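In: After the sequence you'll find the predicted model.
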Amino acid sequence: MVDWLSTVRLAEVDAIRWALGAMSGSADPISTRKAQHWVTRMVEAGLVDRARPTFQGASIVWATHDAVGRQPPNLFRQTTRHEVAVATVSARYLALGYTWQRDRRPVGVFDHQADGVATRGDQVELVEVEPDGKVHVALQTDLWEPLEAARQRGGVESFVLLHCRRRPNRDSRGGPAHLPYGTNSTRVSGGL
């Protein structure tokens, strides 16, 4: 679980619920109380830390330097909400039986690093998560060209673009059961 936190960098407790459920062999999340208890135990052990920034509706959790050898995240960066959304999507993929890893680093100026690579058996999906307002930009840009090049190099079956709206409140119901609240997805299989 700490390795997963190292991969996604930071996550809300709701994503931790799904990831802990997946890592215990379930397709369902554990209870919020159990997830909070796990976080408390890990904080006491010095493996994770947490904070609740004023702009965020829930606590954010990350693996500590002692656990993974990385500096704590700057929670006030512009990309924090995006990283939280990526962690939530990652946890849902874990619940569906996929593994999750970061995409390789871009090798050139016109290359693109997807938000994650979800793998289940022979099925490999490059996953791109876009928050409010950016999905139309992502669809209109040259984002798809480097992803198509990755598919042509082999191993990538499809690309998934997820548009994650912010929750109107703390209730995480709504939307497809396996995706975060308010998520719309675009899946592109094969050539573009």
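Out: Received the coordinates, thanks.
In: okay, now the closest residue to Pro29 other than its chain neighbours: neighbour count?
Out: Distance criterion CB to CB, 6 or more residues apart in numbering; nearest residue to Pro29, sequence neighbours excluded, is Arg17 at 3.8 Å. From N, CA and C alone the C-beta is placed, and that goes for glycine too. Number of residues near Arg17 (other CB atoms under 10 Å) recorded here: 24.
In: Put the alpha carbons of the helix or strand hosting Arg92 into CSV.
Out: Assigned by DSSP states H and E, Arg92 belongs to helix 80-95. Presented in CSV, the C-alpha positions along helix 80-95 are these (Å, rounded to 0.1, in the frame of the first residue of the first chain):
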residue,chain,number,x,y,z
THR,A,80,-2.5,18.8,-6.5
ARG,A,81,-6.1,18.4,-7.5
HIS,A,82,-5.0,16.6,-10.6
GLU,A,83,-2.8,14.2,-8.7
VAL,A,84,-5.6,13.5,-6.3
ALA,A,85,-7.9,12.7,-9.2
VAL,A,86,-5.2,10.4,-10.7
ALA,A,87,-4.9,8.5,-7.4
THR,A,88,-8.7,8.1,-7.3
VAL,A,89,-8.7,6.7,-10.8
SER,A,90,-5.7,4.4,-10.0
ALA,A,91,-7.5,3.0,-6.9
ARG,A,92,-10.6,2.2,-9.0
TYR,A,93,-8.4,0.4,-11.6
LEU,A,94,-6.9,-1.6,-8.7
ALA,A,95,-10.4,-2.6,-7.6
